[in-house]
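**Student:** give me a 3D structure for the following:
(chains A and B)
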There are 2 protein chains.
Amino acid sequence: MSENREEIQEQIKVQGDLVRKLKAAKESKEKIDEEVAKLLALKAKLNENEPAAPLKFTLKTPKGTRDYAPEQMTLRQSVLNTIVSVFKKHGADTIDTPVFELKEVLTGKYGEDSKLIYDLKDQGGEILSMRYDLTVPLARYLAMNKVSNIKRYHIAKVYRRDNPAMTKGRYREFYQCDFDIAGTYDPMLPDAECVKVVSEILSSLDIGAFVIKLNHRKLLDGMFEACGVPAEKFRTICSAVDKLDKSPWEDVKKEMIDEKGLDDATANKIGEYVRLNGGEELVDKLLTDEKLKKVKSAVAGLEDMKLLLKYCKIFNVMHQVRFDLSLARGLDYYTGVIYEAVLLNQEKKRKKDEETEIGSVAGGGRYDNLVGMFDSKGKQVPCVGVSIGVERVFAIIEAKNAANKTKIRTSEIQIFVASAHKGLHEKRLEILSKLWDGGIKAEHSYKSNPKLLAQLQYCEEQQIPFALVLGDSELERGVIKLRDVVTRKEEEIPLDNLVEAIKWRLSNKGYN
Amino acid sequence: MSENREEIQEQIKVQGDLVRKLKAAKESKEKIDEEVAKLLALKAKLNENEPAAPLKFTLKTPKGTRDYAPEQMTLRQSVLNTIVSVFKKHGADTIDTPVFELKEVLTGKYGEDSKLIYDLKDQGGEILSMRYDLTVPLARYLAMNKVSNIKRYHIAKVYRRDNPAMTKGRYREFYQCDFDIAGTYDPMLPDAECVKVVSEILSSLDIGAFVIKLNHRKLLDGMFEACGVPAEKFRTICSAVDKLDKSPWEDVKKEMIDEKGLDDATANKIGEYVRLNGGEELVDKLLTDEKLKKVKSAVAGLEDMKLLLKYCKIFNVMHQVRFDLSLARGLDYYTGVIYEAVLLNQEKKRKKDEETEIGSVAGGGRYDNLVGMFDSKGKQVPCVGVSIGVERVFAIIEAKNAANKTKIRTSEIQIFVASAHKGLHEKRLEILSKLWDGGIKAEHSYKSNPKLLAQLQYCEEQQIPFALVLGDSELERGVIKLRDVVTRKEEEIPLDNLVEAIKWRLSNKGYN
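**Tutor:** From the prediction side, this is the model:
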């Protein structure tokens, strides 16, 4: 706008007076209208210049969502870099899919949890829903593009209209971080590599001791059959077993009898099995179990487990692995091995619900029938994968940093270009331009004449390793003062060798 | 499931026969019911085992969206890495915000384009909309968290229910890549740095020659005033000027007269100004222009431009910069400098609509009043920023790669562990485990006994530099054959020094 508010208001006053005078003098309508138009134009101009009206609603992010501030993003990116480097070590590609899918793609994939799917408003056109996980979009991608084998990771946000518990790290918008191997391969080779990947990731994240629980859907089904559970109740009894990590056996048994109609004897038989956990010796014991050895699927599951544990031994991860018959996993679509990694220090406090809630940091399994649901001829692509619970990892590391009062550096600036006195901002720009063109991470104050003390304090707060302090007396001699921010030692650097001299000092300090 | 389909079908047949026999024999209802229950259980079991029913809908991504395959993701990540490294060189932090906002946050920010906003279905609770850009969420973030200064970049997807033109790289879900400097600073210092950032990014992306057009909203408004445009028409005439990059002056003039009610003389005066472009000499000429020098906002805009061009000169970017009075930018919220970077090779073909459409690769400007719209007391945080048109950059580089038949490597695997003959898969796992634990990127075939030729062909296709070829005769001697995939030269490496020997060879080849 050309004038400021006061000027326009003055003009409105003058023009208003003029209009009133004309009206009082009963001038021609044409003349009055002309001046009224000018008055209105001035008022319109004022409106455009007007500061925004006070806000009419509470400023917040949607329920269950949050912003990530620079400190959180820096932590998040460092965690994700660690994870991605493991995925890449295993040769994984990455793909990306839209944040929403045709609603039909998600329909019938999540059982009861379908009610948690976010739908988009029907604004004409297709009916869309926000993705609920990254697994169903992967299956859709494989079927749609006729991809019969891929090893891929995918890190992206997913959406669930769940009851948020943000203090526990449970959000409605949250990151998933998935690694999957799709393709028709020999038994347990991809499955064992997933265990190795989880082991490498959790070991490198420095979040404490963990155990990777293993079980097998075929073994669970076979065990249910051996205990006398009718086939049509396998999935619902499996869901009940899945609650054993949060509820005591007595509660789960009650659910099996009261809600799911098992008799006491059958439930008790299940109870004996799900209490078991161990290693290879448990597999061998169960292979000779009178009830189980008669059930084909139990034997098939146990044989898979035997092979898986053998490979885990070769991969040197047996000390982090536990065959656990109580592990069931909620999702319907698993068909083989299932995994869940739990932090051990939390697990000790099992009695407290909050503690067990944030205990699980990875989970997954084999799902051989999901891709076929999207193929017009039902062609299957067997898949196995794991999902790293990155939100929980973020929460754990954030809590640790807060406890240790660790201050995170969000920027990577290597050198701050400061003025020792007034009138140097153009010289600063000249120096900065040289540094940037030389690949050095540099910044300065956006004030023309900042105070030297304020500039040096900023360097210390921001943990910037070096400051260049420009001053006329040095510039006249063709040099600039370079200050080590931590030691506060200063030296003079020749202007014509600036970039090289700074790069050399940075690399000596381990910056690149 | 414990049995395969054929077995269950056989059991159903047997059980069905039994039921029919019992019924024929008029056995007791109790007995018949018991056997019928068994039959139903078997049928339920079969259903669970059933391959998915053929798909009832066309498998696709939502209109205007797409998947990114591994090749596209690799390219995308390399482009984004280049851009982010420039942002970091300038000390930018990054933040993230939810993909949707309260609808009220977006209301009244996009003028006519509001109709392009995706709304979420009202499923009870808050009314939400998908973000339309990253600027309004930034302003909301700053106001909500009382942040009065930040230099941040944000790379994320935004959503517009626009008419997609996917061959031209126009999608409904697409990446934005924004760099903004918020804070109360001295004139043109942050504004000039944005020009420098765009220059560094476009130079490093290797997408050809470009020009960064510069103009100023205050100058545009002052020019309109000097030409006799009524104040209430400034924004709508500005929108008309914005079309000059796609339409000839005659069409724009017609719109100004026929649709927007300017008279011919006023339009002609505007026409004379918007044809002007140049450098500092043009600023000086306009500062002495009889009509402009009387209008305060025109003079203020020109003085900003003079300072900006001076800083651009210091930053060594004048050869890439053009002061262009026809640049207007569509968005209402700009209040100062505006930018737009255009690829030059495309610009030469101005007559063809398709060519000019993908010409613009960055844009932005100063918006000093947006944050105040979210502050309950109207407190302003002045902001200036640029958005890199990464989708266009992806499209340009993809087209270039396709023309050059460049094959993109999507994985970073350094070594493939192969079997020369049968029975070696456990030994492969043992070697792989050592390599992974040593930080080497390695993979193998998920077949127990793959053919050697197939394994070596895979290495060549995937451009994997080395293959370890395991064979019993070498293993007995405590060595493994290491094959250079390109030269096909082989050497023997001692097993007990494997990781170090391979790392040394990788670093000699420039891998890390």
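**Student:** C-alpha only now, for contacts and for neighbours.
**Tutor:** Fine.
**Student:** average pLDDT across the strand or helix carrying residue A:459?
**Tutor:** Element membership of residue A:459, judged by DSSP states H and E, is helix A:452-461. Taken as a whole, helix A:452-461 has an average pLDDT of 96.
**Student:** can you tell if it touches chain B?
**Tutor:** No - using Cα under 8 Å from any Cα of the partner chain, helix A:452-461 stays clear of chain B, with a minimum separation of 12.2 Å.
**Student:** tell me which other helices or strands that helix touches.
**Tutor:** Applying 3 or more Cα pairs under 8 Å, 6 or more residues apart in numbering or on different chains; DSSP states H and E, we find helix A:452-461 packed against strand A:415-419, strand A:466-470.
**Student:** and residue A:294, what does it touch?
**Tutor:** Contacts were defined as Cα atoms under 8 Å, 6 or more residues apart in numbering or on different chains; by that measure residue A:294 touches residue A:226.
**Student:** residues making contact with the helix holding residue A:459?
**Tutor:** Taking contacts as Cα under 8 Å, 6+ apart, the residues outside helix A:452-461 that touch it are A:416, A:418, A:419, A:420, A:421, A:445, A:465, A:466, A:467, A:485, A:486.
**Student:** if we use 10 Å, what do you get?
**Tutor:** Contacts made with helix A:452-461 from outside it, assessed by Cα atoms under 10 Å, 6 or more residues apart in numbering or on different chains, are listed as A:409, A:413-422, A:444-445, A:462-467, A:469, A:483, A:485-486, A:488.
**Student:** next, the angle from that helix to strand A:415-419.
**Tutor:** Regarding helix A:452-461 and strand A:415-419, their directions subtend 170 degrees when assessed with axes from the mean of the first three to the mean of the last three Cα atoms, to 10 degrees.
**Student:** and helix A:452-461, what's buried?
**Tutor:** Of the residues in helix A:452-461, those with enough neighbours to count as buried (16 or more other Cα atoms under 10 Å in any protein chain shown) are A:455, A:456, A:459.
**Student:** over to stretch A:308-324?
**Tutor:** Of the residues in stretch A:308-324, those scored as buried under the neighbour-count criterion (16+ other Cα under 10 Å) are A:308-318, A:320-324.
**Student:** what secondary structure does residue A:289 sit in?
**Tutor:** Here residue A:289 is coil, with the state taken from DSSP: H, G, I helix; E, B strand; the rest coil.
**Student:** please tell me how far it sits from chain B.
**Tutor:** Look at residue A:289 and chain B: by Cα to the nearest Cα, to the nearest Å, they are 16 Å apart.
**Student:** which residues in the stretch 1-150 of chain A form strands?
**Tutor:** A:93-94, A:100-102, A:128-130, A:150-159 (DSSP state E, counting those that start in this stretch).
**Student:** can you list those strands in CSV and add mean pLDDT and mean neighbour count?
**Tutor:** As requested, the strands of the stretch 1-150 of chain A are arranged in CSV below (pLDDT from 0 to 100; neighbours: other Cα atoms under 10 Å in any protein chain shown):
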stretch, mean pLDDT, mean neighbour count
strand A:93-94, 97, 24
strand A:100-102, 97, 24
strand A:128-130, 97, 23
strand A:150-159, 97, 20
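**Student:** of all of the stretch 301-450 of chain A, which residue lies closest to chain B?
**Tutor:** The minimum distance from the stretch 301-450 of chain A to chain B, using Cα to the nearest Cα, falls at residue A:441 (3.9 Å).
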